[in-house]
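K.L.:
Here's my sequence, what's the structure:
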Amino acid sequence: MRRLMWLAGCLALAGCSALPGIAPEERAPTASPTATPATSPAPGTPEGITAFLAGYVKRNNAANKAMSARLLAGYEGGSSLAIDKAAYVSQRKLGDRSHQPFGYARPTVWPVKGADWFVTTAYWKGESETAKEPTYLLFARDGESWRQMYAPDVFSDTPAGELPEIAKDASGAAAEVAQADAAGLLISPAAFARSYAAHLVGKGGKASRSRFAADRLTTGAAATRVKMDPYAELRESARPAAAYPSYALRTADGGALAFTTVERTRRYDVRQGPQRTYVQQKNSGFLPGKYYTFMKFTELIQVVAHIPPRTAGPGQVKVIGSYSGITSGSGR
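P.N.:
Predicted structure coming up:
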């Protein structure tokens, strides 16, 4: 999977010097995995999930090769579909027809008791390499089909022991946690989505900073603000993307594993001065040029987070993975 590379540049009157870049916070997908239409119940055995993923990967590779939003819409839903449809548009604008077939290895599945969705973890596998960290894949039933709704990758170099264990009953099923349910939790899944959106753009205040453990998204965003401030004024906002469903299930420690989508908009207004500066986004068809006045874009960011149980001692919510993409952009 490719990563976005954010750059800023300077066009001086007598020569040019490079400016700090915008840190590569998010991955730019060619497309995320897509689900196989199925009429059977959610796969709940190793044999079932292996066959399910094999069909799902086959269809996803076909959609990616054709860059077909129609094929994609048959197997994806929610914010995954919105991110990946936008990725196809961006690729076409760039004239990029490259395609890298992929698969998944070592899948594990957690059916959710009484719910029409389930979660798997699996390791992305290319032609010559396999990811060291897993991807969470969440599928939900839509009529007769299963659609992939979330595909956050666990952040690189995350120790396997730091991934929360999902609680299972005697049948091997996980338990759903309602979005407004804060019973026994440091914070409800819905409140997490609201608070994290504010925290991501540096607007959560001291309480927010103490509530969340450091993660790659927020530390990268904070570093970007500092690096870009001499060259462009940043105005940013973020909110839970209410158009797309969120999910949560119980973890073995009494906490919850939450999946939600944040919509973030950023606008960089270039500071004008003796040197003519610009901002630039590489590898995005939505933002193909150098922008000397402003650059604005919106992105969808899927996150998966561990919400700890409420205890007498301090606890922190930990975002452990993400999947994202730019869905629109403009500039001058």
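K.L.:
where do the helices sit along the stretch 51-200 of the chain?
P.N.:
Along the stretch 51-200 of the chain, counting by DSSP state H, counting those that start in this stretch, helices occupy 69-73, 78-94, 189-200.
K.L.:
Let me have the ones you listed in a markdown table, extended by distance to Ser156.
P.N.:
C-beta: built from backbone N, CA, C; applies to glycine. Formatted as a markdown table, the helices of the stretch 51-200 of the chain follow (distance: least, C-beta to C-beta, whole Å):
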| stretch | distance to Ser156 |
| --- | --- |
| helix 69-73 | 26 |
| helix 78-94 | 20 |
| helix 189-200 | 19 |
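K.L.:
out of those helices, nearest to Pro245?
P.N.:
Among the helices of the stretch 51-200 of the chain, the nearest to Pro245 by C-beta to C-beta is helix 78-94 (5.8 Å).
K.L.:
Report all helices and strands that the closest one contacts.
P.N.:
For helix 78-94, the packing partners by 3 or more C-beta pairs under 8 Å, 6 or more residues apart in numbering; DSSP states H and E come out as helix 69-73, strand 145-150, strand 294-307, strand 318-331.
K.L.:
which one of those lies closest to Pro240?
P.N.:
Of all the helices and strands packed on helix 78-94, it is strand 294-307 that lies closest to Pro240, at 10.5 Å by C-beta to C-beta.
K.L.:
Show the end-to-end separation of stretch 126-136, please.
P.N.:
17 Å (C-alpha to C-alpha, to the nearest Å).
K.L.:
again, but for stretch 190-209
P.N.:
Note: stretch 190-209 ends 18 Å apart using C-alpha to C-alpha.
K.L.:
in it, what counts as buried?
P.N.:
190-202, 204, 208 (16 or more other C-beta atoms under 10 Å).
K.L.:
and stretch 281-292, how far out from the chain's middle?
P.N.:
Distance, stretch centre to chain centre, for stretch 281-292: 21 Å (C-alpha atoms, centre = their mean, to the nearest Å).
K.L.:
where does this protein dip in pLDDT?
P.N.:
1-46, 312 (pLDDT under 70).
K.L.:
So for it, the centremost residue is which one?
P.N.:
With distances taken as C-alpha atoms, centre = their mean, Tyr323 lies nearest the centre of the chain, 2.0 Å away.
K.L.:
Was I right to think that residue contacts Tyr150?
P.N.:
Yes: using C-beta atoms under 8 Å, Tyr323 is in contact with Tyr150, at 7.3 Å.
K.L.:
Quickly list what's touching both of those two.
P.N.:
Common contacts of Tyr323 and Tyr150 (C-beta atoms under 8 Å, 6 or more residues apart in numbering): Ser80, Gln302.
K.L.:
if I look at Ala221, how far off is Arg266?
P.N.:
9 Å (C-beta to C-beta, to the nearest Å).
K.L.:
Sorry, slip of the keys, the one I care about is Lys93.
P.N.:
20 Å.
K.L.:
what's the answer for Ser145, then?
P.N.:
35 Å.
K.L.:
So which of these two has more stuff around it?
P.N.:
Neighbour tally, Ser145 and Arg266, criterion other C-beta atoms under 10 Å: the higher count belongs to Arg266, 22 against 16.
K.L.:
That one against Lys296, yeah?
P.N.:
Yes: Arg266 lies in contact with Lys296 (C-beta under 8 Å); the separation is 7.1 Å.
K.L.:
Can you name the two of the buried residues of stretch 190-209 that sit furthest apart?
P.N.:
With distances taken as C-beta to C-beta, the most widely separated pair in these is Ala190 and Gly202, at 21.5 Å.
K.L.:
So what's the residue count around Gly78?
P.N.:
Each residue near Gly78 was counted by other C-beta under 10 Å, and the total is 24.
K.L.:
That one contacts Tyr244, doesn't it?
P.N.:
Yes: between Gly78 and Tyr244 there is a contact under C-beta under 8 Å: 4.5 Å.
K.L.:
Find the residues that touch each one of these two.
P.N.:
Counting by C-beta under 8 Å, 6+ apart, the residues touching both Gly78 and Tyr244 are Met149, Thr261.
K.L.:
For the residue nearest to Tyr247 when sequence neighbours are not counted, what is the enclosing helix or strand?
P.N.:
Once flanking residues are discounted, Tyr247 sits nearest to Phe259: 4.6 Å by C-beta to C-beta, 6 or more residues apart in numbering. Assigned by DSSP states H and E, Phe259 belongs to strand 256-270.
K.L.:
Who are the packing partners of that strand?
P.N.:
If you count contacts as 3+ C-beta pairs under 8 Å, 6+ apart, strand 256-270 packs onto helix 189-200, strand 232-240, strand 247-250, strand 276-282, strand 294-307.
K.L.:
quick one, phi/psi of Ser128?
P.N.:
Ser128 adopts backbone torsions of phi -130, psi 0, taken as degrees, to the nearest 10.
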